[in-house]
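[1] quick one: sequence and predicted model below, then my questions.
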Amino acid sequence: MIYICDDEMPVLRELAEKIQKCVPEEKIHCFSSGMELREQLGRSSCDFLFLDIDMPDVSGMEIAEGLKGEKGIPLLVFVTSHDELVYESFQYRPFAFIRKGFFDQEIGKVLKRGREHLESLDRKFYFRMEGRDVSLLLSDILYFEADGNYLKICTASGDYRARGTVSDRERELYPYGFVRIHKGFLVNQTAVRMIGREEVALKDGTVLPVGKRYAGKSKRQLLEYMRV
């Protein structure tokens, strides 16, 4: 299910047509005001939410603010012609930011990446720890860290330890958005907030090093993910 909200009807119809062309099997609901959308979100959610930021009654950022802390938040995609608002929108952790002037070039990538993300939410990582079988949702894992012959598996709720190597996990989890940034670190790209010269900062405040050997490739992957 996809919701689109824009107060300009011609733009709303155009966005809906272009999205439907990319995903003809999806149901799309259009809203011409933030108030109308907010009432609908109170009744039922969706998988993708395409939001115009600048609307007269209830803005896209006000909608995003109201979603904070809610369960089952849709993948939030801001669509706007105001490039200067992109940094302000980061506080709402949008899945993507699409400029209206580049919508044709970017919508296919955003939808593809979104579908992959939604599919990965149910995928689990299985391992043994202290003689017990453990499973974690991939979406809950922030990063893997080498620890001798073991791996530290770091999540927001705590850390786990299991036998294995970063290289093994890299080969296994690369298709699901885990990026090798250092010989000792494999990071979930969805957890990254900022990329620096020699480190990446995660959304929870953790800072991880970026090794010279992995810097070029890993930064390209992360930037491509964060850009769309």
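    Yep, that arrived. Numbering: from 1, shown residues only.

[2] need the contact list for the most centrally placed residue in the chain.
    Geometric centre of the chain, nearest residue: residue 95, 4.3 Å, by CA atoms, centre = their mean. Counting by CB atoms under 8 Å, 6 or more residues apart in numbering, residue 95 makes contact with 75-77, 110, 114, 117. For every residue, glycine as well, the C-beta is placed using N, CA and C.

[3] got a pLDDT number for the spatially closest residue to it that is not a sequence neighbour?
    Closest residue to residue 95 apart from its sequence neighbours, by CB to CB, 6 or more residues apart in numbering: residue 75 at 4.1 Å. Looking at residue 75, its pLDDT reads 88.

[4] the one 10 residues further on too?
    According to the predicted model, the pLDDT of residue 85 comes to 62.

[5] how close does the residue nearest to the centre of the chain get to residue 117?
    Distance of residue 95 to residue 117, given as CB to CB, to the nearest Å: 7 Å.

[6] following the lowest-mean-pLDDT helix or strand in the chain, which helix or strand comes up?
    Ranked by mean pLDDT, DSSP states H and E, the weakest helix or strand in the chain is helix 86-89, scoring a mean of 62. Next in sequence after helix 86-89, counting helices and strands by DSSP states H and E, comes strand 96-99.

[7] please identify the buried residues of that next one?
    For strand 96-99, burial by neighbour count (16 or more other CB atoms under 10 Å) applies to 96-98.

[8] just the residues you listed now: which is nearest residue 170?
    Among the buried residues of strand 96-99, residue 96 lies closest to residue 170 (CB to CB), at 25.0 Å.

[9] contact partners of the lengthiest helix in the chain?
    Identified as the longest helix of the chain according to DSSP state H is helix 103-120. With contacts defined as CB under 8 Å, 6+ apart, helix 103-120 is touched by 15, 18-19, 22-23, 47-48, 75, 77, 79, 95-96, 98-99, 138-139, 176-177, 190, 225, 228.

[10] inside helices: which ones of the residues you listed?
    Residues of the contacts of helix 103-120 located in helices (DSSP H): 15, 18-19, 22, 225.

[11] hmm, which of those residues is lowest in pLDDT?
    Comparing pLDDT over the ones in helices among the contacts of helix 103-120, the lowest score belongs to residue 225 (75).

[12] before we move on, back to that, so which bits of the longest helix of the chain are buried?
    So helix 103-120, judged by 16+ other CB under 10 Å, has buried residues 103, 106-107, 109-111, 113-114, 117, 120.

[13] and what of stretch 138-158?
    Of the residues in stretch 138-158, 138-139, 141-146, 151-155 count as buried by neighbour count, 16+ other CB under 10 Å.

[14] which one of the residues you listed is nearest to residue 167?
    Closest approach to residue 167 among the buried residues of stretch 138-158 (CB to CB): residue 146, at 9.3 Å.

[15] does anything pack onto the helix or strand hosting that closest one? Which helices or strands?
    Per DSSP H and E, residue 146 falls inside strand 141-147. Under the contact definition 3 or more CB pairs under 8 Å, 6 or more residues apart in numbering; DSSP states H and E, strand 141-147 sits against strand 150-155, helix 166-173, strand 185-188.

[16] strands paired with the helix or strand just after the last one, and their directions?
    If you walk from strand 185-188 toward the C-terminus, the next helix or strand you reach (DSSP H and E) is strand 192-195. Based on DSSP bridges, the pairing partners of strand 192-195 within the sheet are strand 199-202 (antiparallel).

[17] that's all I had, so thanks and see you.
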